[in-house]
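> could you look at this predicted model? Sequence included:
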Amino acid sequence: MGKFYLTTPIYYVNDEPHIGHAYTTIAADVLARYKRHRGLKVLFSTGTDEHAQKVRQAAEKRGLTPQDYVDQLAMSWKRVFSFLGVEFDDFIRTSEPRHKKVVQEFVSRLYASGDIYKGYYEGWYCFWDEAFFPESEVRDRRCPDCSRELQWMREENYFFRLSNYTQPLLEHFLANPGFVEPEIRYNEMLNILKSGLKDISISRSTITWGIPLPFDPQHVVYVWVDALLNYITVAGWLDDPEKFALFWPADVHLVGKEINRFHSIIWPAMLLAAGLPLPRKIFAHGFWTKEGQKISKSLGNVIDPLKVVQDLTKYTGNERVSVDVFRYFILREFPFGADGDFRDASLQLRYSADLANDLGNLLNRTLPLVEKSFSGLIPSGKIDPLLSKEGEKTVKLVEENMDNLSFSEALTSIWAFLGVLNKYLDELAPWRLAKAGKIEELEDSLFNVLEGLRFSALLVSPFMPTVAQYFWESLGLEGEVKKVVWDRELVWGKLPAGLRVSKRPPIFPRPGKEAL
Ligand code: MSP
């Protein structure tokens with residue numbers, strides 16, 4: 001059995017989970033579910049990055065110790081992700097002892113091999129982003145990333161010899177054009193490499209909330225070095241060699257484009273220095289805006305996924321279904337590598353056109369026909385060569401797209417198939433066949449549409465697990481869709497005749513006149 005190890009970034013615990021965090025994590029969950037459907041042994045990790053300086057400040061403000069504070073926050077992040085249907089295999093927190101051990105051992109090895117050395121650092125520092133910025137990028141003492149005020153800092157630091165890895169990384173990039181995707185992000189990284197890397201500071205002596213350097217405990221490990229190492233902690237480095245041998249290297253790190261450099265340059269250099277294999281791929285996706293504007297706290301336009309789900313529930317009447325609508329929307333709206341805009345009107349349109357109409361209504365108009373003409377039992381029928389070809393073609397397209405992380409394109413191909421099924425039903429008009437007493441034709445056409453519905457349920461399952469299960473059960477099928485191995489079941493004609501369909505209230509009720 002093959003394996004698949006995929007990760008999300010670990011999030012700064014002191015922020016509220018917003019659409020950006022939900023986006024990466026849901027994308028990863030969809031990919032994880034898909035890989036499980038393909039029969040792979042999956043390790044899917046997400047988690048929280050807890051040693052940020054701002055965490056300590058926020059804890060102090062609340063009169064809590066940093067540890068107590070992060071314990072509370074990590075719990076609420078976990079809850080939000082679970083609510084969004086995210087089934088992670090591991091939730092790593094950087095304040096856990098298993099992680100501390102990994103970080104300390106890792107930096108000790110690099111220190112012993114000469115890849116870490118002591119020096120001084122001086123420059124403009126942003127406490128929020130935990131990063132120094134070169135003079136050339138700084139205007140008005142403001143952080144080029146977050147616009148907060150910068151501080152001039154001089155401190156004794158330990159440095160990592162990143163410069164030694166320019167050449168090996170360049171070679172790796174050139175030999176592996178798919179190492180960073182999409183291509184635009186690959187090219188950005190390649191240009192950085194071509195201009196040469198400088199050593200980076202990897203410790204702080206002004207901070208106490210962090211993992212102490214074992215060879216100089218006055219210093220704590222720089223939060224980014226600490227955070228990146230989560231990926232090998234999860235895979236079992238040190239503690240579980242068998243697990244590590246199975247899962248490492250990671251198959252893909254999903255990240256937002258703003259943290260691509262950390263993942264595509266610094267992290268691989270760290271791994272090279274430790275003699276560990278490099279991840280197979282880093283995929284840096286784009287950013288959401290809201291109604292055309294950058295999302296930011298100061299603009300007050302941060303999108304809270306829980307609020308979106310709550311609003312949708314006014315229409316669906318079911319939170320789990322609303323979660324699926326949200327999952328569908330964010331992955332359908334624009335290609336995964338691009339930037340995209342969150343517009344309420346677009347969410348509304350996708351709900352009523354794609355979900356209520358194309359998907360929901362197909363089921364709603366098929367089941368009564370089975371009820372009426374066959375007492376609710378699925379008839380047996382001859383395979384329709386056209387539909388079965390369409391079904392199998394769709395499976396191929398979906399798999400190709402999912403393998404490339406082209407989520408939106410995968411959904412587009414499922415919706416093209418739903419279009420074919422809807423048209424087939426319109427043209428064959430089984431209700432007329434029933435009236436005319438053409439029973440055999442009726443059996444054949446209904447059987448094939450129901451088969452199409454079964455295929456659709458399986459194909460949407462990674463994106464919309466609750467909806468898929470509803471379709472599954474409506475067709476009288478048993479068990480959990482999410483556990484079905486596609487290769488075994490996505491064979492046209494496998495739908496067992498004689499199952500009793502069950503007609504239930506529509507899963508996507510019409511929203512009425514009010515806007516969503
Ligand atoms: N803690 C670091 C990551 C360490 S990983 C070893 C960090 N955390 S973060 O909380 O700021 O999360 C950043 C991630 O949130 C981005 O990489 C991206 O996945 C997601 N997003 C944050 N805002 C976003 C948008 N507006 N749009 C899409 N995703 C964005 O950086």
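Cool, the structure landed. Numbers count the residues shown, from 1 in each chain.
> distance of the nearest residue to residue 210 once chain neighbours are set aside relative to the ligand?
Closest residue to residue 210 apart from its sequence neighbours, by CB to CB, 6 or more residues apart in numbering: residue 220 at 3.0 Å. The way it works is simple: take the backbone N, C-alpha and C, and place the C-beta from them, glycine included. Distance of residue 220 to the ligand, computed by CB to the nearest ligand atom, to the nearest Å: 16 Å.
> what does the stretch 201-350 of the chain have sitting close to the ligand?
Applying CB under 6 Å from any ligand atom, we find that the stretch 201-350 of the chain lies next to the ligand at 227, 228, 230, 255, 256, 258, 259, 287, 288, 295.
> the last one contacts residue 340, correct?
Meaning residue 295. No - applying CB atoms under 8 Å, one finds residue 295 not in contact with residue 340, separated by 11.5 Å.
> who touches both of the two?
The overlap between the contact sets of residue 295 and residue 340 (CB atoms under 8 Å, 6 or more residues apart in numbering) consists of 287, 288, 289.
> what is the burial count for the nearest residue to residue 160 once chain neighbours are set aside?
Excluding its sequence neighbours, the residue lying closest to residue 160 (CB to CB, 6+ apart) is residue 202, at 4.6 Å. If you count neighbours by other CB atoms under 10 Å, residue 202 ends up with 23.
> per-residue pLDDT, residue 202?
At residue 202, the pLDDT value in this model is 95.
> got the phi/psi numbers for residue 507?
In terms of degrees, to the nearest 10, the main-chain angles of residue 507 are phi -80, psi -30.
> so it sits right up against residue 321, yeah?
Yes - in this structure, residue 507 is within contact of residue 321 by CB under 8 Å, at 5.9 Å.
> identify the contacts common to those two.
The contact sets of residue 507 and residue 321 overlap at 467, 470 (CB under 8 Å, 6+ apart).
> please save the CA atoms from stretch 216-236 in CSV.
Provided in CSV are the C-alpha atoms of stretch 216-236 (Å, rounded to 0.1, in the frame of the first residue of the first chain):
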residue,chain,number,x,y,z
ASP,A,216,23.6,27.8,24.9
PRO,A,217,20.4,28.0,26.9
GLN,A,218,20.4,31.8,27.1
HIS,A,219,19.1,31.6,23.6
VAL,A,220,15.8,30.2,22.3
VAL,A,221,15.5,28.8,18.8
TYR,A,222,14.1,31.2,16.2
VAL,A,223,10.4,30.6,15.9
TRP,A,224,10.6,29.7,12.2
VAL,A,225,13.3,27.1,12.6
ASP,A,226,11.2,25.7,15.5
ALA,A,227,8.0,25.7,13.5
LEU,A,228,9.4,24.1,10.3
LEU,A,229,10.7,21.2,12.3
ASN,A,230,7.1,20.2,13.2
TYR,A,231,7.0,18.4,9.9
ILE,A,232,9.6,15.8,11.0
THR,A,233,8.2,15.6,14.6
VAL,A,234,4.9,14.5,13.2
ALA,A,235,6.6,11.9,10.9
GLY,A,236,8.3,10.4,14.0
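> now do the buried residues in it.
219-236 (16 or more other CB atoms under 10 Å).
> mind listing the helices for the stretch 251-400 of the chain?
Along the stretch 251-400 of the chain, counting by DSSP state H, counting those that start in this stretch, helices occupy 260-261, 267-274, 305-316, 319-332, 344-349, 362-374, 385-403.
> now the first one, how far from the chain's geometric center?
What that stands for is helix 260-261. The chain centre lies 17 Å from the centre of helix 260-261; the measure is CA atoms, centre = their mean, to the nearest Å.
> packing partners of that helix?
helix 183-194 (3 or more CB pairs under 8 Å, 6 or more residues apart in numbering; DSSP states H and E).
> is there proximity between the helix it packs on and the ligand?
No - applying CB under 6 Å from any ligand atom, one finds helix 183-194 separated from the ligand by no less than 12.0 Å.
> who does that helix touch, helix- and strand-wise?
Under the contact criterion of 3+ CB pairs under 8 Å, 6+ apart, helix 183-194 touches helix 166-175, helix 260-261.
> pull out the buried positions in the first one.
Read it as helix 166-175. Within helix 166-175, the residues that qualify as buried are 166, 169, 172, 173, counting by 16+ other CB under 10 Å.
> in contact with the second one, which residues?
For residue 169, the set of contacting residues under the criterion of CB under 8 Å, 6+ apart consists of 193, 197, 265, 268, 269, 272.
> save these as JSON lines, and put in neighbour count too.
Shown next, in JSON lines, are these (neighbours: other CB atoms under 10 Å):
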{"residue": "193", "neighbour count": "20"}
{"residue": "197", "neighbour count": "19"}
{"residue": "265", "neighbour count": "22"}
{"residue": "268", "neighbour count": "24"}
{"residue": "269", "neighbour count": "24"}
{"residue": "272", "neighbour count": "17"}
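> nearest to residue 450 among these?
Closest to residue 450 out of those is residue 268 (49.3 Å), distances taken as CB to CB.
> quick check, that closest one in contact with residue 279.
Yes - using CB under 8 Å, residue 268 is in contact with residue 279, at 7.4 Å.
> tell me where this structure is predicted with low confidence.
Within the chain, the stretches with pLDDT under 70 are 512-516.
> ok, back up a step: of all the helices of the stretch 251-400 of the chain, which one is nearest residue 92?
Closest to residue 92 of the helices of the stretch 251-400 of the chain, according to CB to CB: helix 267-274, at 15.1 Å.
> output the contacting helices and strands for that closest one.
When contacts are defined as 3+ CB pairs under 8 Å, 6+ apart, helix 267-274 packs onto helix 97-112, strand 151-160, helix 166-175, helix 223-228.
> export these as a markdown table, with columns for distance to residue 79.
Listed next are the helices and strands packed on helix 267-274 as a markdown table, based on distance: least, CB to CB, whole Å:
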| stretch | distance to residue 79 |
| --- | --- |
| helix 97-112 | 21 |
| strand 151-160 | 35 |
| helix 166-175 | 39 |
| helix 223-228 | 22 |
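> quick one, which of the ones you listed is nearest to residue 212?
Proximity to residue 212 (CB to CB) singles out helix 97-112 among the helices and strands packed on helix 267-274, at 7.7 Å.
> next, count neighbours for the residue in the stretch 251-400 of the chain that the ligand sits nearest to.
Proximity of the stretch 251-400 of the chain to the ligand (CB to the nearest ligand atom) peaks at residue 256, 2.6 Å away. Neighbour count for residue 256, taken as other CB under 10 Å: 18.
> swap in residue 485?
Using other CB under 10 Å, residue 485 is surrounded by 13 other residues.
> so who does the nearest residue to it once chain neighbours are set aside touch?
Spatially, and ignoring its direct neighbours in sequence, residue 485 is nearest to residue 39 (4.8 Å; CB to CB, 6+ apart). Counting by CB under 8 Å, 6+ apart, residue 39 touches 1, 2, 485, 486, 487.
> the same query, at a cut-off of 10 Å, please.
Applying CB atoms under 10 Å, 6 or more residues apart in numbering to residue 39 gives the contacts 1, 2, 485, 486, 487, 488.
> thank you kindly, that will do.
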